[in-house]
Structure formats: C-alpha cells, structure tokens
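# Would you be able to build a 3D model of this:
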Amino acid sequence: MHIPRRRTVALGLAPLLIAGLASCGLLSDSQDSSGKTKNAADANPVVGTGGSSAAPGAGSAPPSAPAAPGTEISVAFAGDVHFFERTVPRLNAGAEGALGPIGKTLEAADLAMVNLESAITERGTPENKTYHFRAPAKALTELKAVGIDAVSMANNHAVDYGKVGLEDSVAAVQNPPIGVAGIGKDAAQAYRPVIREAKGVKVAFLAASQVQDITNQLYQAGPNKPGIATALQTDRLVQAVRDAKKQADVVIVYMHWGIEGDKCPSADQKSVTRKLADAGAAAILGTHAHVMQGAGWLGDTYVGYGYGNFLWYGTSPYPNSNDTGVATLTIKDGKVVGEKFTPASIDKRGVPMPVTGVESRRILDRRETLRPCTGLAAAPKK
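Coordinates of the predicted model:
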C-alpha cells in the first residue's frame, strides 16, 4: 500500500469518531482512521477553516506553536486533474497511485494542491455546453492517498451536471478527506480559505474562476446560493485574501483563468494578479489554457500563470499541450523565495510522466521563453 507523507496539520479536522475508536483501543496511538501510520503533527489537529465551520477549540488539542523565524516549507502545485474517460482507471491505480510516478514529487512537499476540474457527482443532467466532466467522491480520497492536501474546484467544469450535480458536489465538500477551495453551499464557504499547517507555518488556500462561461453566469455562490467563487468581480476575492491573511502566515490563490491555447496571460489575468498581490497574496497561480504559461515574481509575490493539463482525460488541439510538470515553491517568513519545476509529459493513458535528459531540457527551456510576455521577474524583489 502506498503511504503518503503526513507532515501537516489539517485545520478544521478533529473527528470525534476517531477519538472514540482510540479510546476503545481500536486504533493505536500511531494510526489514523485508515490505519496508516501518522506523525506527531497529525496527532495534534487544530480546528480552523476549510470544509468545517466548527468553533475553535471544540473538542480539539491546542494550536501548535508558531513557526520560528526562518522556517522554510515547501508547497507543490500542478494543473488540471480529471478522472474521466481515459483517466477513470486512475481511481484504482493501486501502488502507482492516481497521479503516477510524478505524484512522488507532489508528495515530497510539505503541502500540495491541484485543480480538480470536475463536478463531484454521479447524477445530474449535463449543462448546455460542449464538454462535461465528473468524478465520484472517491476522487478526493485517491488524491489524498498520493499526498494532495487541497484541491481547487473553482473552475468552469465544477457544475457540468446542473443543480443536482452541484448538490452532490456541495455535499461531498462538507467533510472532505482533503481541503476543497472555491466551491460551497453559499458564498461564505466558497470564499473561505482551506488552512493547512506545516512546521508551524499556517498556509491559507483560496480559489476562484475568472472564466466567462455558463458556470460563472449561472452558478456563482451567493449569500444563500451554492456555487463557485468568482473572480469576474474582484472585490469579494480581494477581501477574502485580506481576511485569510489575518488567519494564516501565507495566502495562496489558485485561479482558473486565461485564454485557451494562449501561452501568454491576458490583460484580465494581469489585472487581478496585481490586486491579489496588493492584498497580500504570497503566491498566485492557475490553469485553464491547456498549455503552460509563464511564471516568475511580481515584486515579492510569486505568480505561476498556467501549469497546463496534468492528469488529462483526452487530447487538446494546442501545440505543446502535453507539456506539464510540478512547481515546488520554497516559502520562508511568509514569502516565496524559490521555485523548482519538475517537468513531465502526458502519456497515452493521460498520466503525467516525469521526463529526463533531452525532453526535460526542452520543456524547461521552453518554459523560460514564456516569461517575457508575463512582465514577471525571474527572481523575487530583494
């Protein structure tokens, strides 16, 4: 069985059932609810946000001590993930894991996040659009098994199966096995950060969609309305960053944005990036274009405009759409101080496979050529 790294505290997850089982002797002190070995951090959950609205301190241990100055953590990101058509078998991939060998790179980081570009449902009626993606709730469990800590669901396929599908998705994220950002039973939940902790550093993950489509037209979350977090009107998202900054040491925003097939970020992408950076986001990144877009720094804010396809259901009509990879950010004292990109190529199964040698060099070199049109710097501002 594949045992993922667990060096993080999941804020907001303190199930009483586990405590009851432990008190009955059905779980050892070194096991979690799945029977996997856990580390000391997992033994000390802290109530917070991201899927649960429980009050702080409700049946939980005290928060862990804050990180010492200079503490470094790593946070890894990749692009769009589907469990649909040719990637359905990844729900039962066994020892290799849902994401294949490249999953080890995500797992090696202290925290990891991808975009789940699907409704979480097995019901519903397809919306009036060309492409429809969905996955069972098991998808979240399989991503957890390979070390993913959070996913974004603020994208243009989160409500592909209408109101019934949305009901199922919202139900699935009320008590999910991993953090789910950007969707909820109302706007309060959709814009609520998923907060995770590594080495005493609290990281808040937010997500929103800037794609102008039927999902953003019909299914924006409202005061009493389920749906996704939107970035078409930025005020609410900017405020969400400011609010998250009060709760965490680091705020990261995962966006769904850009023009399909375009390797350069649009004016709309650049505009919202500046606003989010000014609000205090340490990193802003995203997907949707089906091709990689450039990355770098806007002042001291890291921006990765596009990570492209990752676990991909089919083929895209754009050049280099199989180029992909994992970006691992090094974060110190609340700022992204470094980035390492591990290149991969999507194979005939839709699985992102690590590459080496000439192919690795080609993808890395090409990625460097994508930066000039972003206006970003190659390194953070000193």
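# Out of the helices and strands in the chain, which is least certain?
helix 16-23 (a mean of 38; mean pLDDT, DSSP states H and E).
# ok, then the element right after that helix?
strand 72-81 (DSSP states H and E).
# Could you export the helix or strand just after that following strand as CSV, CA atoms only?
Counting by DSSP H and E, the next helix or strand C-terminal to strand 72-81 is helix 103-108. Taking C-alpha atoms only, helix 103-108 is exported to CSV below (Å, rounded to 0.1, in the frame of the first residue of the first chain):
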residue,chain,number,x,y,z
GLY,A,103,2.9,12.0,-7.7
LYS,A,104,6.0,11.4,-5.6
THR,A,105,7.2,14.9,-6.4
LEU,A,106,3.9,16.4,-5.0
GLU,A,107,4.0,14.0,-2.1
ALA,A,108,7.6,15.1,-1.2
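# Which strands and helices lie in contact with helix 103-108?
Contact analysis of helix 103-108 by 3 or more Cβ pairs under 8 Å, 6 or more residues apart in numbering; DSSP states H and E lists strand 72-81, strand 323-332 as its packing neighbours. All C-beta spots, glycine's among them, are computed from the backbone N, C-alpha and C.
# Report the buried residues of the first one.
I take that to be strand 72-81. With burial defined by 16 or more other Cβ atoms under 10 Å, the residues of strand 72-81 counted as buried are 73-81.
# and if you look at stretch 169-181?
169-170, 172-173, 176-181.
# Any chance of JSON lines for these, columns distance to residue 109, secondary structure and pLDDT?
Listed next are the buried residues of stretch 169-181 as JSON lines, based on distance: Cβ to Cβ, whole Å; DSSP: H, G, I helix; E, B strand; the rest coil; pLDDT from 0 to 100:
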{"residue": "169", "distance to residue 109": "26", "secondary structure": "helix", "pLDDT": "98"}
{"residue": "170", "distance to residue 109": "29", "secondary structure": "helix", "pLDDT": "98"}
{"residue": "172", "distance to residue 109": "25", "secondary structure": "helix", "pLDDT": "97"}
{"residue": "173", "distance to residue 109": "23", "secondary structure": "coil", "pLDDT": "97"}
{"residue": "176", "distance to residue 109": "20", "secondary structure": "coil", "pLDDT": "97"}
{"residue": "177", "distance to residue 109": "18", "secondary structure": "coil", "pLDDT": "97"}
{"residue": "178", "distance to residue 109": "14", "secondary structure": "coil", "pLDDT": "98"}
{"residue": "179", "distance to residue 109": "15", "secondary structure": "strand", "pLDDT": "98"}
{"residue": "180", "distance to residue 109": "19", "secondary structure": "strand", "pLDDT": "98"}
{"residue": "181", "distance to residue 109": "17", "secondary structure": "strand", "pLDDT": "98"}
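# Out of those residues, which comes closest to residue 65?
Nearest to residue 65 among the buried residues of stretch 169-181, counting by Cβ to Cβ, is residue 179 at 22.1 Å.
# how about CSV for the buried residues of stretch 169-181, with distance to residue 135 added?
What follows is the buried residues of stretch 169-181, written out as CSV (distance: Cβ to Cβ, whole Å):
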residue, distance to residue 135
169, 10
170, 15
172, 10
173, 13
176, 13
177, 14
178, 14
179, 17
180, 13
181, 17
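# State the three-state secondary structure for residue 296.
strand (DSSP: H, G, I helix; E, B strand; the rest coil).
# Look at stretch 110-130 and report the distance between its end residues.
Stretch 110-130 has an end-to-end distance of 37 Å (criterion: Cα to Cα, to the nearest Å).
# shouldn't residue 139 be in contact with residue 122?
No. Using Cβ atoms under 8 Å, residue 139 is not in contact with residue 122, being 11.0 Å away.
# and the two? which has more neighbours close in?
Taking other Cβ atoms under 10 Å, residue 139 and residue 122 do not tie; residue 139 has more neighbours (22 against 12).
# Contacts only, for the closest residue to that one other than its chain neighbours.
The shortest distance from residue 139 to any non-neighbouring residue, by Cβ to Cβ, 6 or more residues apart in numbering, is to residue 83 (4.8 Å). Counting by Cβ atoms under 8 Å, 6 or more residues apart in numbering, residue 83 touches 90-91, 98, 118, 135-136, 139, 142, 311.
# related to what we said a few turns ago, from the buried residues of stretch 169-181, pick the one nearest residue 277.
Ranked by distance to residue 277 (Cβ to Cβ), the buried residues of stretch 169-181 are led by residue 181 at 18.5 Å.
# How about that closest one: what's its closest non-neighbour residue?
residue 207 (3.9 Å).
# Count the residues that sit near that neighbour.
Around residue 207 there are 32 other residues, counting by other Cβ under 10 Å.
# hey, what's it bridged with?
residue 254 (DSSP bridges).
# Who are the contact partners of it?
Residues in contact with residue 207 (Cβ under 8 Å, 6+ apart) are 115, 152-154, 181-182, 229, 253-256.
# Relative to residue 110, which of the helices and strands packed on helix 103-108 is closest?
strand 72-81 (4.5 Å).
# What strands line up against that closest one, and which way round?
Neighbouring strands of strand 72-81 in its sheet, by DSSP bridges, are strand 111-116 (parallel), strand 309-311 (parallel), strand 323-332 (antiparallel).
# Tell me if I am right that residue 143 is in a helix.
Yes. The assignment for residue 143 (three-state DSSP) places it in a helix.
# isn't it right up against residue 115?
No. Between residue 143 and residue 115 there is no contact under Cβ under 8 Å: 11.0 Å.
# intersection of neighbour lists for those two?
Joint contacts of residue 143 and residue 115 (Cβ under 8 Å, 6+ apart) are 81, 151.
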